[in-house]
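Enquirer: need a structure here:
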Amino acid sequence: MLSGQVTSAPAVFSPLPPVQMDPVSLDLLAETLQPNSGTSIDITSTSSFYDFDSNMMLGRTSVPAESLWGESPNNSPAPGFLEGLVSLATSRDVEDAETSMSGAKADMAARPAGEVPRLGQILPLAPQLARSLVDIPSFLVQHWFSSVCSSWSAFDSQVNPYRQLSASLWHSSMAVYYALQSMAAASLVEHLPHLKEVSRSAPRLAAQAITYELQSFRSSSKKSISFPGALLLSLFCMSSSICWTDSRQFGLQYLKQGRAVLNCLNKVAGYLTPGDRDLLTFFNGCLVYEEMLRSIVSNQDTDMENLASWHVSSAQPISVSTHAWTGVSPDLLRLFGRTMFLCRRSRNRWRQSGSVAEQMHQETVDCQEAVTIEEILLGAELPELPHVEDTTEHGTLKQHLHDAAEAYRLSSMLQLYQTFPSLIARRLPGQVDVNGFVPYSGWLSPLALHITSILRNISPSSSMRCLQPLLCLCAGTGLRYDNVDSAMRSQSNLFMTSGLRLDPIGGAHSHNPYGISGLSTGVIGENDLEIASGRRFLMERLSRLEQSLPPKPIQVEKQLLKSIWSTYDAERETTITTHWLDVMVDKHLESVFG
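Expert: Below is the predicted model of the structure:
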């Protein structure tokens with residue numbers, strides 16, 4: 001039922017209990033949960049939480065007045081289910097409201113007409129309306145369609161497979177039903193503490209339902225197999241969102257099962273219908289993105305099995321076509337993931353004790369693969385956009401997705417150059433210093449600043465904002481000042497004469513009658529000023545994203561960037577030794593940054 005029409009949920013579902021909220025909480029809820037599509041949610045009426053609409057589910061902004069839950073002889077939900085969903089005000093609240101209103105009427109009748117209340121006079125309380133009860137399951141499912149799906153998808157539209165599958169399956173699959181609630185609750189619990197219990201119970205219910213569907217899938221035969229859309233949808237929903245409530249959880253248990261299901265389906269793809277094969281291609285692209293994110297924070301090859309076993313070949317053509325969920329080519333994301341896999345493996349190798357000869361051999365092998373990846377990235381050409389600026393919403397999104405793809409391409413190269421500096425020496429042999437390194441200002445920091453400038457062109461409210469945290473992290477790791485000694489920063493250094501000179505008060509040789517030493521003599525290079533501006537921009541951008549995306553992973557990222565920059569700035573030697581991945585591991589500042 002890809003139209004998104006909602007009939008009724010199975011009677012076997014055990015809805016989460018309704019929660020009583022005071023008017024202040026309801027007002028906060030109304031301000032916090034305005035959907036991105038512009039459709040407003042009326043939280044003063046409990047009916048709005050279960051009046052689902054297919055247009056809202058499919059991402060359309062126009063919402064017909066007719067309710068899909070409206071009374072219809074041919075489409076009436078089971079009475080027992082409606083009783084479980086609809087929560088009315090308690091009789092005690094109604095009686096309290098009636099008593100309050102009766103007292104107010106009596107007081108108004110006793111007061112002479114035109115009498116003005118005197119200063120200090122105690123007035124009766126205003127009539128109190130009965131507190132509304134919000135049906136939590138219905139509200140969370142609606143919030144997923146109106147807000148979570150669009151912020152979770154970089155390329156959301158009416159044809160987003162996640163949106164279409166969810167619209168057709170949420171009312172018939174317990175795994176999807178509870179997975180959507182788990183995601184929605186996790187996205188709201190920071191702003192609405194009423195959902196703490198739900199944010200703990202919904203993942204448990206989703207896990208139980210997923211386990212049941214996994215058993216059903218494994219018992220099916222090859223020829224009678226049907227595409228497990230509900231199972232894959234719920235697995236990827238949970239793997240992506242489990243870190244929203246606990247930033248240290250990477251969702252690996254769900255990702256492992258999702259990979260196993262896809263591996264089985266890839267072996268029997270010939271038995272699938274053309275439509276199911278399209279869905280299989282879509283979920284394979286989702287797996288590439290999820291494994292790419294784990295390559296940054298995991299040391300286990302089994303956590304990114306497909307990525308770890310991928311053999312990079314320069315002869316293999318690279319597709320730059322967009323993915324229906326990430327908006328970025330899976331091939332570019334796979335290259336970025338493989339890059340981070342090599343970088344993390346290299347840093348782990350040098351942190352461990354072992355044979356130096358064996359370490360050098362393995363480093364040489366990884367460096368050779370890094371050369372291949374670099375050549376592929378340099379040869380990848382993104383499609384050119386029209387020279388005429390398109391100011392429509394579709395044109396803006398197309399530009400942002402193009403910029404995001406370019407940022408991922410450049411971020412891959414930036415990480416390769418930081419981990420394998422010999423790659424830069426191959427490209428810029430004339431800038432290699434006496435220690436065998438190319439200064440950051442010669443290549444790395446300009447590249448990081450260029451990625452930062454791309455991010456400046458993308459609005460923090462863009463539909464692809466879910467891709468921005470990782471790109472901000474990658475750019476920030478390259479914003480490093482060159483560590484040069486005081487002699488290099490003296491006023492006589494001709495190389496630094498283009499910088500901003502900071503002279504002592506009154507001049508270098510002026511007499512200071514107060515005996516107060518002036519500012520130290522030195523200069524600030526233009527590159528240093530740009531790096532400082534870039535750092536400030538990235539922190540501001542993350543703060544903005546923290547307001548519209550699940551905040552906990554972003555909070556970890558902000559702490560990580562501050563620790564990275566603090567470590568960079570504390571180094572005074574000319575030879576740079578600290579890698580940002582070492583800082584992340586030492587400080588235990590790891591999360592799923594996407």
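
Enquirer: so how far is residue 421 from the residue nearest to residue 428 when sequence neighbours are not counted?
Expert: Leaving out its chain neighbours, the residue that sits closest to residue 428 by Cβ to Cβ, 6 or more residues apart in numbering is residue 438, at 5.4 Å. Yep, even glycine has a C-beta here, placed from its N, CA and C like the rest. Per Cβ to Cβ, to the nearest Å, residue 438 is found 7 Å from residue 421.

Enquirer: who has more neighbours out of those two?
Expert: residue 438 (21 against 18; other Cβ atoms under 10 Å).

Enquirer: go ahead and confirm that one touches residue 422.
Expert: No. Counting by Cβ atoms under 8 Å, residue 438 does not reach residue 422; the two are 9.9 Å apart.

Enquirer: so is the residue nearest to residue 428 in a helix, a strand, or just coil?
Expert: Assigned by DSSP: H, G, I helix; E, B strand; the rest coil, the conformation of residue 438 is coil.

Enquirer: list the residues that contact it.
Expert: The contact partners of residue 438, by Cβ atoms under 8 Å, 6 or more residues apart in numbering, come to 421, 424-425, 428, 431-432, 444.

Enquirer: any of those residues buried? List them.
Expert: Listed as buried from the contacts of residue 438 are 421, 424-425, 432, 444; burial here means 16 or more other Cβ atoms under 10 Å.

Enquirer: about what we covered before: dump the contacts of residue 438 into CSV; add distance to residue 378 and pLDDT as well.
Expert: Below are these laid out as CSV (distance: Cβ to Cβ, whole Å; pLDDT from 0 to 100):
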residue, distance to residue 378, pLDDT
421, 17, 89
424, 13, 89
425, 16, 86
428, 14, 84
431, 18, 80
432, 20, 79
444, 16, 92
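
Enquirer: among those residues, which lie within helices?
Expert: Among the contacts of residue 438, the members falling in helices (DSSP state H) are 424-425, 444.

Enquirer: report all helices and strands that the helix or strand hosting residue 215 contacts.
Expert: Using DSSP states H and E, residue 215 sits within helix 196-218. On a contact count with 3 or more Cβ pairs under 8 Å, 6 or more residues apart in numbering; DSSP states H and E, helix 196-218 meets helix 136-143, helix 174-188, helix 229-241, helix 252-267.

Enquirer: report the angle between the axes of the first one and helix 196-218?
Expert: Same thing as helix 136-143. 80 degrees (axes from the mean of the first three to the mean of the last three Cα atoms, to 10 degrees).

Enquirer: do the last one as well
Expert: Put simply, helix 252-267 runs at 30 degrees to helix 196-218, going by the same axes, to 10 degrees.

Enquirer: what residues does the following helix or strand past helix 252-267 touch?
Expert: Next in sequence after helix 252-267, counting helices and strands by DSSP H and E, comes helix 274-294. With Cβ under 8 Å, 6+ apart as the test, helix 274-294 has contacts from 161, 165, 227, 229, 232, 236, 239-240, 250-252, 255, 258-259, 262, 265-266, 269, 272, 303-307, 323-326, 330, 333-334, 336-337, 340, 470, 592-594.

Enquirer: please check these and keep the buried ones.
Expert: Neighbour counting with 16+ other Cβ under 10 Å marks 161, 165, 227, 229, 232, 236, 239-240, 250-252, 255, 258-259, 262, 265, 272, 303-305, 307, 323-326, 330, 333-334, 336-337, 340, 470, 592-594 as buried within the contacts of helix 274-294.

Enquirer: columns distance to residue 315 on top of the ones in helices among the contacts of residue 438, output as CSV?
Expert: Output for the ones in helices among the contacts of residue 438, formatted as CSV (distance: Cβ to Cβ, whole Å):
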residue, distance to residue 315
424, 25
425, 26
444, 29
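
Enquirer: buried ones in the host helix or strand of residue 361?
Expert: Element membership for residue 361, per DSSP H and E: helix 356-379. Buried positions in helix 356-379, judged by neighbour count with 16+ other Cβ under 10 Å: 363, 366-367, 369-371, 373-374, 376-377.

Enquirer: show me where pLDDT drops low in the stretch 301-450 of the chain?
Expert: Along the stretch 301-450 of the chain, the parts satisfying pLDDT under 70 run over 385-391.

Enquirer: just the chain next, same as before
Expert: Looking along the chain with the criterion set at pLDDT under 70, you get 1-132, 221-224, 385-391, 483-523, 572-576.

Enquirer: strands of that one, start to end?
Expert: In the chain, the segments counted as strands under DSSP state E are 19-20, 133-134, 500-502, 522-524.

Enquirer: who's in contact with the closest residue in space to residue 249 that isn't next to it in sequence?
Expert: Nearest residue to residue 249 in three dimensions, chain neighbours excluded: residue 242, at 4.6 Å (Cβ to Cβ, 6+ apart). Contact partners of residue 242, counting by Cβ under 8 Å, 6+ apart, are 186, 203, 249-251, 254.

Enquirer: could you measure from residue 242 over to residue 588?
Expert: Distance from residue 242 to residue 588, counting by Cβ to Cβ: 18 Å.

Enquirer: check residue 329 too.
Expert: For residue 329 relative to residue 588 (Cβ to Cβ), the value is 33 Å.

Enquirer: ok, the two, which is more surrounded?
Expert: Remark: of residue 329 and residue 588, residue 329 carries more neighbours, 23 against 9, as counted by other Cβ under 10 Å.

Enquirer: quick check: longest helix of the protein.
Expert: helix 393-419.

Enquirer: check which residues of it are buried.
Expert: Residues of helix 393-419 classed as buried: 396-419 (neighbour count, 16+ other Cβ under 10 Å).

Enquirer: so which of the buried residues of helix 356-379 comes closest to residue 148?
Expert: residue 377 (32.8 Å; Cβ to Cβ).

Enquirer: for that closest one, what are its contacts?
Expert: By Cβ under 8 Å, 6+ apart, the neighbours of residue 377 are 335, 409, 412-413.

Enquirer: how about a cut-off of 10 Å?
Expert: Contacts for residue 377 (Cβ atoms under 10 Å, 6 or more residues apart in numbering) come out as 318, 332, 335-336, 339, 408-413, 416.

Enquirer: same thing with residue 256?
Expert: Residue 256 neighbours (Cβ under 10 Å, 6+ apart): 235, 239, 302-303, 305.

Enquirer: out of those residues, who's nearest residue 570?
Expert: The nearest member of the contacts of residue 256 to residue 570, counting by Cβ to Cβ, is residue 303 at 32.1 Å.

Enquirer: distance check, that closest one against residue 182.
Expert: 21 Å.

Enquirer: mind listing the shared neighbours of residue 438 and residue 421?
Expert: Common neighbours of residue 438 and residue 421 (criterion: Cβ under 10 Å, 6+ apart): 432, 444.

Enquirer: for residue 176, which non-adjacent residue is closest in space?
Expert: Nearest non-adjacent residue to residue 176, counting by Cβ to Cβ, 6+ apart: residue 169, 4.6 Å away.
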